[in-house]
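Student: Model the following, please.
(chains A and B)
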Amino acid sequence: MLLSLFRILVFPGLIFLAAYALLCEYIDRKVYARLQNRMGPPWYQPLADFLKLLGKETIIPADANRSMFQILPVISLSSVAAAFIYVPVLGASAVHSFEGDLIVVLYFLTIPTMCEFLGGWYSRSVYSTIGSVRTLTQMFAYEVPLFMALLAPALIAKTWSVTGMTSFYSEHPLYILFNIPAFFTALIAVQGKLERAPFDSPEAETEIVSGALVEYSGKLLALFRMSMDCELVVMASLISAIYLPFVTGMVILDFVLYFAKTLAVLLVLTLMRAATARLRVDQMVNFCWKFLTPAAILQIILDLLIRGWLAV
Amino acid sequence: MSKKFRRNRIELPIGPQHPSLKEPASFRITLEGEKVVNAVIGVGYNHRGLEKACESRNYIQDLYLIERVCGICSHTHSTAFCQGIEELAGITIPRRAAYIRVMVAELERLHSHLLWLGVAAHEIGFDTMFMYTWRDREKVLDILAEVCGNRVNYGINTIGGVRRDVDEAMLQNMSKMADALESQVKYYLDLALTETTLSARLAGVGKLSYEDALRFGVVGPVARSAGIAYDIRVTEPYAAYGDIPVDLVTDTREDVLGRTVVRIKEMLVSLNIIRFCIKNLPDGDIAVKAPLRIPAGEVISRTEAPRGENIHYIRSNGTDKPDRVRVRAPSEANWRGVKHMLEGGYLADVPITIAAIDPCYSCTDRAIVIDSGSGTEVKDWQSLRQYSISWYKKQGIDVSAVKIPERKYY
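Tutor: Numbering: from 1, shown residues only, chains lettered A, B, ... in the order given. Take a look at the predicted model:
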């Protein structure tokens, strides 16, 4: 009981997640800055930003729904932390797993987006309303290819558990090769989920100031930002658990390998962010439905064929 | 937050304070979904009364004011002003001075266009290009600082020529900079034409056809991107432009991508002009003596600013102070087309469409009387003072004892 609590709250649970999220934000910002020929922030900048925001005054708009406005960041962060319980960190072992936890993870990961939408909607500001509508529009575009890309490997592994998939693919490493299209589909779709360039129109600074979260400040904004950072870590961990399921069996090596894999995913995401301009939301929806979704569908067909071929 | 929902329409205020605006201006955008159905543009937050202030100072003092009409294209304003006065006084400036004016003007165009490119990239969320162009802009600013002593507001023009000479080392640094910058500018041109997300955001945005460009009377890169071959450097050469081959860059895209391409290509032309000037810089004096009192008369002087045609009108009454100075900055002409460009576009394209005319709000703002029929009135200085004294009296403060010295500013 105590050990489970430790695993949920400290390692590899909430505290580890938060610490690694801040580190990832630092690496993301530093690499982004170096790619742009800038110095970038010092290593403690994300932590300093977080602590400073915690100490700032929290302003709630007069028109806003107070209770919803305050509770949404908490729900957002807790759902991301809950999703992380089912994602393997050390080798193929998550804090907890059961058959079908992949669906639960995807469900939990949808909640932060919904929280952002509702947060913007309840702010009753014209900028945040437009940002919210864009958040939701964008969600309908990336969610389908992202889910299909993440579910396709499950067809070969014949399990709906992330842990199960990791252990299956680590035993049959060659099958990973079949999932490469889904890997890239997921990487691009995640960029939309995390609202990073080229899919950052929901928080386009130069158009709608910062979109759905424009009215948030102080502690509430700190929690929202923390949940975004954690979401990045959870997505990177999930992608590396499903598409890069290399496991050695030794705890320390696995730990190092986990960092190597997630940071590799993070670097690809950062590179994408640095090399593109922001697409309009209609262009983003077009791109997702014209290119990403067909790619994900082809991946599912491919995996179904392989599954049939394996069964013979 | 003012907000009106009428027939699914949202009115979105962009400005006077907004992250995409570098200076205050107000855009009230009426949206239907993401489509812009109406745009109301309000400028006038930056009025500084420079034209009026010029009338109470002598010509040499006015140079300092005119230099500060615009922070980015300050040289083109002082060139236009000096040219006008030189024409009134019947002075011909030395060839060397004319060449130095051209060199500084082209350096200014380079840094202005690089700045614009960065701002435009930032407006469409491409911050990497923003950082790259502003890094390269530093090279130009370093040369400007070396030649003029200042990074902006160069202060090199004077009536009758220029104030500083260039030496061999400066020219060498300049040509080194030109070589280094050329490859970068070519890279940006390549990027603008081939990078998918960039062209997706720029092509077809903010359309202004050839006919509309003529109708609204837009100038500079906005006009040239619509195919209008109009550049004061070519059509009415001033300073040393008569001797120098200037390629007139036009484009037929009529959109923001066209304006981007025109500006990048103009940077290449500017580099060539600078190289030509370095090679053919004549020897001699850099200035001739100009009289303090300028003969009575009036003159119109035009230059090609980075943003387009810049017109100065100066009327002299024979004293050492001008009777009237009128500055028509290029942004003042380009404003007319913005409403037309915005309507029918997407909200996401509003910032880049506004940025594409390279607006300069403080150059443009003039005192205007708005809606004079309904309660608005124009007060002169004395009645305004009386009004403020009575206003403060109502608050319990008596300021009528304060004496202000008689000055002929107003």
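
Student: all strands of the stretch 201-350 of chain B, in order?
Tutor: Defined through DSSP state E, counting those that start in this stretch, the strands belonging to the stretch 201-350 of chain B, from first to last, are B:297-305, B:308-316, B:322-328.

Student: Show me how far the second one is from its chain's centre.
Tutor: When C-alpha coordinates are averaged (C-alpha atoms, centre = their mean, to the nearest Å), strand B:308-316 and its chain have centres 13 Å apart.

Student: ditto for stretch B:177-185
Tutor: Between the mean C-alpha point of stretch B:177-185 and the mean C-alpha point of its chain there is a distance of 24 Å (C-alpha atoms, centre = their mean).

Student: CA atoms only for it, dumped as CSV, please.
Tutor: Extracted in CSV, the C-alpha atoms of stretch B:177-185 (Å, rounded to 0.1, in the frame of the first residue of the first chain):
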residue,chain,number,x,y,z
MET,B,177,29.1,43.1,-45.1
ALA,B,178,27.5,43.2,-48.5
ASP,B,179,29.1,39.9,-49.5
ALA,B,180,28.1,38.2,-46.2
LEU,B,181,24.6,39.5,-46.4
GLU,B,182,24.0,38.5,-50.0
SER,B,183,24.1,34.8,-49.4
GLN,B,184,21.7,35.2,-46.4
VAL,B,185,19.3,37.3,-48.5
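
Student: so, in contact with chain A or not, it?
Tutor: No. Looking at stretch B:177-185 against chain A by C-beta under 8 Å from any C-beta of the partner chain, there are no contacts, and the closest approach is 11.7 Å. For every residue, glycine as well, the C-beta is placed using N, CA and C.

Student: Compute the number of surrounding residues for the closest residue to residue B:266 other than its chain neighbours.
Tutor: Computed as C-beta to C-beta, 6 or more residues apart in numbering or on different chains, the closest residue to residue B:266 that is not its neighbour in sequence is residue B:249, at 5.2 Å. Counted with other C-beta atoms under 10 Å in any protein chain shown, the neighbours of residue B:249 add up to 19.

Student: Kindly report the same for the one 5 residues further on.
Tutor: Other residues within reach of residue B:254, judged by other C-beta under 10 Å, total 20.

Student: Name the nearest residue to it, sequence neighbours excluded.
Tutor: Take residue B:254 and drop its neighbours on the chain: the residue closest to it by C-beta to C-beta, 6+ apart is residue B:226, 4.8 Å away.

Student: Now do the one you found against chain A, distance only.
Tutor: To chain A, residue B:226 is 23 Å away according to C-beta to the nearest C-beta, to the nearest Å.

Student: now residue B:207
Tutor: Going from residue B:207 to chain A by C-beta to the nearest C-beta gives 16 Å.

Student: My guess is that residue contacts residue B:255. True?
Tutor: Yes. Residue B:207 is in contact with residue B:255 according to C-beta atoms under 8 Å; the separation is 5.3 Å.

Student: Neighbour count for these two, which is higher?
Tutor: Legend: neighbour count by other C-beta under 10 Å for residue B:207 and residue B:255, higher for residue B:255 (22 against 17).

Student: isn't the more buried one right up against residue B:202?
Tutor: Yes. Using C-beta under 8 Å, residue B:255 and residue B:202 qualify as a contacting pair, with a distance of 7.1 Å.

Student: next one: stretch A:9-20 to chain centre, how far?
Tutor: Distance, stretch centre to chain centre, for stretch A:9-20: 16 Å (C-alpha atoms, centre = their mean).

Student: Sorry, slip of the keys, the one I care about is stretch A:248-256.
Tutor: Centre to centre, stretch against its chain (C-alpha atoms, centre = their mean), the figure for stretch A:248-256 is 24 Å.

Student: for the record, mean pLDDT for it?
Tutor: With pLDDT averaged residue by residue, stretch A:248-256 scores 82.

Student: Could you tell me how many residues sit around the residue of the stretch 151-300 of chain B at minimum distance from chain A?
Tutor: Minimum separation of the stretch 151-300 of chain B from chain A (C-beta to the nearest C-beta) falls at residue B:197, amounting to 4.2 Å. Close neighbours of residue B:197, defined as other C-beta under 10 Å, add up to 19.

Student: now the one 3 residues further on
Tutor: Residue B:200 is surrounded by 21 other residues when neighbours are defined as other C-beta under 10 Å.

Student: where are the low-confidence patches of the chain?
Tutor: Let's take chain A. Screening chain A residue by residue with the criterion pLDDT under 70, one finds the ranges A:92.

Student: Sorry, I should have been clearer: chain B.
Tutor: In the predicted model of chain B, residues B:1-7, B:367-377, B:404-410 satisfy pLDDT under 70.

Student: near chain A, which residues of it show up?
Tutor: Counting by C-beta under 8 Å from any C-beta, the residues of chain B that sit close to chain A are B:1, B:3, B:10-13, B:18-20, B:31, B:34, B:121-129, B:131-132, B:135, B:195, B:197-198, B:200-201, B:346-351.

Student: List only those of the residues you listed flagged as buried.
Tutor: B:10-13, B:18-20, B:31, B:34, B:121-129, B:131-132, B:195, B:197-198, B:200-201, B:346-351 (16 or more other C-beta atoms under 10 Å in any protein chain shown).

Student: circling back to that earlier point, touching, the residue of the stretch 151-300 of chain B closest to chain A and residue B:126? I think so.
Tutor: Yes. Residue B:197 is in contact with residue B:126 according to C-beta under 8 Å; the separation is 7.4 Å.

Student: Kindly provide the distance from residue B:56 to chain A.
Tutor: Remark: distance between residue B:56 and chain A (C-beta to the nearest C-beta) = 40 Å.

Student: neighbours around that residue, how many?
Tutor: Counted by other C-beta under 10 Å, the residues lying close to residue B:56 total 14.

Student: rewinding a little: which ones among the buried ones among the residues of chain B next to chain A map onto strands?
Tutor: Per DSSP state E, strands hold the following members of these: B:10, B:11, B:12, B:13, B:31.

Student: element containing the nearest residue in space to residue A:7 that is not next to it in sequence?
Tutor: Closest residue to residue A:7 apart from its sequence neighbours, by C-beta to C-beta, 6+ apart: residue A:95 at 4.7 Å. Taking DSSP states H and E as the definition, residue A:95 sits outside all helices and strands.

Student: Now do residue A:95 against chain B, distance only.
Tutor: If you measure residue A:95 against chain B using C-beta to the nearest C-beta, the figure is 37 Å.

Student: Quick check: that residue vs residue A:82, distance?
Tutor: From residue A:95 across to residue A:82, the span is 10 Å (C-beta to C-beta, to the nearest Å).

Student: any common contacting residues for those two?
Tutor: With contacts defined as C-beta atoms under 8 Å, 6 or more residues apart in numbering or on different chains, no residue is adjacent to both residue A:95 and residue A:82.

Student: Sounds good, over and out.
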